[in-house]
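Peer 1: Give me a 3D structure for the following:
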Amino acid sequence: MRTEKKTILVVDDDVAILRALDMRLSEAGFLVLTAANSDDALEQAAEHKVDAITLDVDLNGDVDGLHVAKLLHEDPHTAHLPILFVTGTADQHFKQRCQDVGAKYFVSKPYDSDLLIRTLNAMLAADEIAELQRIGNAKRRQPTR
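Peer 2: All right, here's what the predicted structure looks like:
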C-alpha cells in the first residue's frame, strides 16, 4: 500500500480522454495533473513534483509525444521521470524510436484502464526499487570512521 499519493501527469490532446483518465486514476488513488498539448506538458512537468507521465504520441500541433519525451529526457529536472506512451502505433520500429528517447513502457489504444493502472503501478515500483538501490550503493561507498 502507498503511504503517499503518487502524481501522474496525463498528456493527451483529446479532452474526453483527459477527463476519463483523470477520474479513473483519481479513483485508483493517484493525484492527477493534465495537459492537452506539449507546451502545457513541459510546463506541468517542470513546475510540479510528478512521479510518472502518460503521454499520447499523436499530439496535435508541431510537437508530438516523441519530441516531448526527448525534451523531458534531456532536462536534468525531468530526465528521471518514467513515461508510459499511450499510442495506437505499436510496431517494432515505433517502439525503437520511443526507446531512443528514453521510453520503456507502452499501452496501445484502445486500452483497458485497469491495464493502464497496473502498468503505472509497476513503473512506479520499479522506479522506487532503483532509487533504493542507488541509495544503498551510495551508502556503501561512504568512508567509515
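
Peer 1: Figure out the helix or strand that the residue minimising distance to the centre of the chain lives in.
Peer 2: Nearest residue to the geometric centre of the chain (Cα atoms, centre = their mean): residue 53, 2.2 Å. If you go by DSSP states H and E, residue 53 is part of strand 52-56.

Peer 1: Give me the helices and strands touching that strand, please.
Peer 2: strand 7-11, helix 38-47, helix 65-74, strand 83-87, helix 113-140 (3 or more Cβ pairs under 8 Å, 6 or more residues apart in numbering; DSSP states H and E). Quick note: C-beta positions are derived from backbone N, CA and C, even for glycine.

Peer 1: List the buried residues for the third one?
Peer 2: Judged by neighbour count using 16 or more other Cβ atoms under 10 Å, the buried positions of helix 65-74 are 65, 66, 68, 69, 70, 71, 72, 73.

Peer 1: residues contacting the closest residue in space to the first one that isn't next to it in sequence?
Peer 2: With Cβ to Cβ, 6 or more residues apart in numbering as the criterion, residue 65 has its nearest non-adjacent residue at 3.9 Å, and that residue is residue 57. By Cβ atoms under 8 Å, 6 or more residues apart in numbering, residue 57 lies in contact with 64, 65, 66, 85, 86, 87, 88, 89, 98.

Peer 1: Apply 6 Å and report the result again.
Peer 2: Contacts for residue 57 were tallied using Cβ atoms under 6 Å, 6 or more residues apart in numbering; they are 65, 85, 87.

Peer 1: Is residue 51 in contact with residue 7, as I believe?
Peer 2: Yes - assessed by Cβ atoms under 6 Å, residue 51 is found in contact with residue 7 at 5.1 Å.

Peer 1: just to revisit the earlier point, quick check, the residue nearest to the centre of the chain in contact with residue 83.
Peer 2: Yes - with contact defined as Cβ under 6 Å, residue 53 reaches residue 83; the gap is 4.9 Å.
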